[in-house]
Structures are given as C-alpha cells and as structure tokens.
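**Q** let's see this in three dimensions:
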Amino acid sequence: MPSPTLTRHQTLVLNALQRAKEPTSAYALLEQLRDEGIKAPPQVYRALDKLVSCGLAHKLDSLNAFVACAHPHEHEHDLVAFAICKRCGSVQEFADHAIEQHLTDLSQAHAFRMESAIVEIRGICGNCPTA
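**A** Numbers count the residues shown, from 1 in each chain. Down below sits the predicted model:
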C-alpha cells in the first residue's frame, strides 16, 4: 500500500505522535503544536481522523488518546492489540493471528461480520517493577 499524501497539519500531528513516549490526547497535541500554526481543536481532530483512517495512528478508546502506529505498512490484519502499562504509560502494539481468528469465529457464530477490532490490555510492562 503506498503511503498517503499528508497535509502539513497531518504531518505535524503524526510527527508529534511519533515523538511521544506515551499515548497523547488531542488537546495535548494542540498545546504542543500551537507554535506550528495549529490553533483550534478541529484542526487536530481532522488530522487525527485522517491518520487513523490511513493506518498511521490508532485511538486508544480507554484512554481517549492516540498513538502512532508501530507497523504502519503491515496492516493486513483486522485486529490490532495494545498492551498498556498502568505504571509508566508505555504502549506496545501487536497483532496475533490466533486471537484474530477466535474473534472472527465468535463473530460468525453470532451472525456478525467483524470489520476490525482493537484490544486494549492493561497491566504492568516488563520494564516496571512488580512490587
């Protein structure tokens, strides 16, 4: 899949997400990018909508925040999963064929056609102490 052509605002938002150490809200992005010419929430939300629709970013609904896609050109899967650390806020993105197949089977068993799924797993990452 060819890379989409991005506007200046979309590129600024994507670059900010790629620099972020943890999921970032639209309003935090707005504050970071004010000096770059992004002045209003709709500008950030439009950019985020485009980035998500192109598979360059993901929305983590449980956090109401966004992350840059870790594998932007490898989305042949319908399922994207995230391990979110409660302590340090790190996010790891992964795909798993077995989980994807299980969700597909469950969907079909209930006469539901799955188009996509996002799984958010919360816990403690391997870099954080467990105590």
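
**Q** so Ile84, which state does it fall into?
**A** Recorded secondary structure, Ile84: strand (DSSP: H, G, I helix; E, B strand; the rest coil).

**Q** count the neighbours of it for me.
**A** By other Cβ atoms under 10 Å, the residues close to Ile84 number 21. Every residue, glycine included, has its C-beta placed from N, CA and C.

**Q** and Leu56, by the same measure?
**A** With other Cβ under 10 Å as criterion, Leu56 counts 22.

**Q** test my guess that it contacts Pro72.
**A** Yes: applying Cβ atoms under 8 Å, one finds Leu56 in contact with Pro72, separated by 5.1 Å.

**Q** could you pull out the helices in this structure for me?
**A** Counting by DSSP state H, the chain has helices at residues 8-19, 26-33, 41-53, 97-109.

**Q** could you dump those to CSV with distance to Arg87, mean pLDDT and mean neighbour count?
**A** Converted to CSV, the helices of the chain look like this (distance: least, Cβ to Cβ, whole Å; pLDDT from 0 to 100; neighbours: other Cβ atoms under 10 Å):
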stretch, distance to Arg87, mean pLDDT, mean neighbour count
helix 8-19, 21, 97, 18
helix 26-33, 19, 97, 17
helix 41-53, 26, 96, 17
helix 97-109, 24, 90, 12
